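Participant: A structural model of the following input is requested.
(one chain, ligands or ions: 1)
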Amino acid sequence: MYRIFVTRKIPEVGLQRLRAEKDFDVVVSPKDRVLTRAELKKGVKGADAILSLLTDRIDGEILDAAGKQLKIVANYAVGFDNVDLAAAKERRIVVTNTPSDIVSESVAEHTFALMMAVAHRIVESDTFTKKGKYKGWAPDLLTWTLLQGKTLGIVGLGRIGAAVARRGVGMGMKIVYHDVKANVEFEQQYQAEYHKTLDGLLAIADVVSLHVPLLPTTRHLMSTEQFNLMKRTAFLVNTSRGPVVDEKALVIALEQQRIAGAGIDVFECEPSIDCDLTDHHELKKMTNVVLTPHTASAAREARDAMAVIAVQNIIAVLRGRSAINPAI
Ligand code: DGY
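Facilitator: Numbering: from 1, shown residues only. Here you go, the predicted model:
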């Protein structure tokens, strides 16, 4: 029998597939919340496979608590910055993630929803209207920023960045992008312009959209210096990972009107909205900021796909095949 420990309930379509394997003993944590370290250590004991979430910190201590039989950590996310890859490699444990077109489309669509919500002042207008403040049409009532014809700056041209760019083109936006290397085919297809430096992109983009993984090199990629380079009329959208943005610097940039607004799905000290910003106005009080609780990949279709992919990886590895989506 193989023991599979699932750290929190995932969509049934994935669990059903796991349970259909006759020699799999599938244990799903009954607690519908993030497990404490102690609970996680206890839960993984004796597991051949761990199906983890991005909220579980999987490091050497957890891998050792599982035991030498552990073969795979299947992370239920595209990002895997919560898993210590070096520790897993040292122990010859496979780590997988859940990239797929449907997940990219979900994140890209949500990125656009945030972009449009901020540019069109949707939340502010909704509150205004529901509070009964609409007393009649006026030329200057809640005027907003047209995205058509503006420049969309994509930082990180992976699958998600490309899916966001495609939507930008559909909106009539000009695409500029920054990545470690240029993608000529993409440039030709979307008349996109490559910027070797982030600074070059920041200086011209009307919307800066972040799509990089969280790595030591991308932590605080956006900080005071970068916000100072952005146009005062520009918006920032972050659906990547919270620590890619220096949140304290973001708050100051917004307070000082260095940038025009932000759409934020991920937070530096998640699930807290502000890390240690007691001296500052909080993001949640700003009308030019739209916040969502890390739900960019929460399209039901995407979450189902993520469950199936995580499970397929577990089945492959426990059956002696190569992982379908190895994280490295
Ligand atoms: C991912 O897949 O990395 C997302 O952030 C989780 O929703």
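
Participant: what ranges do the helices span in the stretch 151-300 of the chain?
Facilitator: For the stretch 151-300 of the chain, the helices defined by DSSP state H, counting those that start in this stretch occupy 159-170, 184-190, 198-204, 224-229, 247-255, 300-318.

Participant: among the ones you listed, which is nearest the ligand?
Facilitator: Closest of those to the ligand is helix 300-318, at 6.8 Å (criterion: Cβ to the nearest ligand atom). C-betas here are computed from N, CA, C, even on glycine.

Participant: Quick check: buried residues in the closest one?
Facilitator: For helix 300-318, the buried set under the neighbour-count rule, 16 or more other Cβ atoms under 10 Å, comprises 302-318.

Participant: Next: stretch 54-61.
Facilitator: For stretch 54-61, the neighbour count (16+ other Cβ under 10 Å) marks 54, 55, 56, 58 as buried.

Participant: And that stretch, how far out from the chain middle?
Facilitator: A distance of 17 Å separates the centroid of the chain from that of stretch 54-61, by Cα atoms, centre = their mean, to the nearest Å.

Participant: pLDDT of stretch 105-115, averaged?
Facilitator: On average, the pLDDT along stretch 105-115 is 98.

Participant: close to the ligand, is it?
Facilitator: No: on the criterion Cβ under 6 Å from any ligand atom, stretch 105-115 is out of touch with the ligand, staying 7.0 Å away.

Participant: Just list the residues touching residue 61, thanks.
Facilitator: Residue 61 is in contact with 37, 41, counting by Cβ atoms under 8 Å, 6 or more residues apart in numbering.

Participant: Alongside the ligand, which residues does this structure contribute?
Facilitator: 54, 77, 78, 79, 297.

Participant: Now the third one. Nearest residue, chain neighbours left out?
Facilitator: In other words, residue 78. The spatially closest residue to residue 78, leaving aside those adjacent along the chain, is residue 99, at 5.0 Å (Cβ to Cβ, 6 or more residues apart in numbering).

Participant: Regarding that neighbour, what is its secondary structure?
Facilitator: Secondary structure, DSSP: H, G, I helix; E, B strand; the rest coil: residue 99 is coil.

Participant: still on that earlier bit, return a ChimeraX selection command for the buried portion of the residues of the chain next to the ligand.
Facilitator: Listed next is the ChimeraX selection for buried residues among the residues of the chain next to the ligand, using 16+ other Cβ under 10 Å:
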select :54,77,78,79,297
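
Participant: Domain map for the protein?
Facilitator: Listed by automatic domain parsing, the domain ranges of the chain are 2-97+300-318, 102-291.

Participant: Next, count neighbours for residue 169.
Facilitator: Number of residues near residue 169 (other Cβ atoms under 10 Å) recorded here: 15.

Participant: In contact with it, which residues are there?
Facilitator: Residue 169 makes contact with 175, 190, 191 under the criterion Cβ under 8 Å, 6+ apart.

Participant: For it, give me the pLDDT.
Facilitator: Taking residue 169 on its own, its pLDDT is 98.

Participant: same question, the one 5 residues further on
Facilitator: As summarised for this prediction, residue 174 has a pLDDT of 98.
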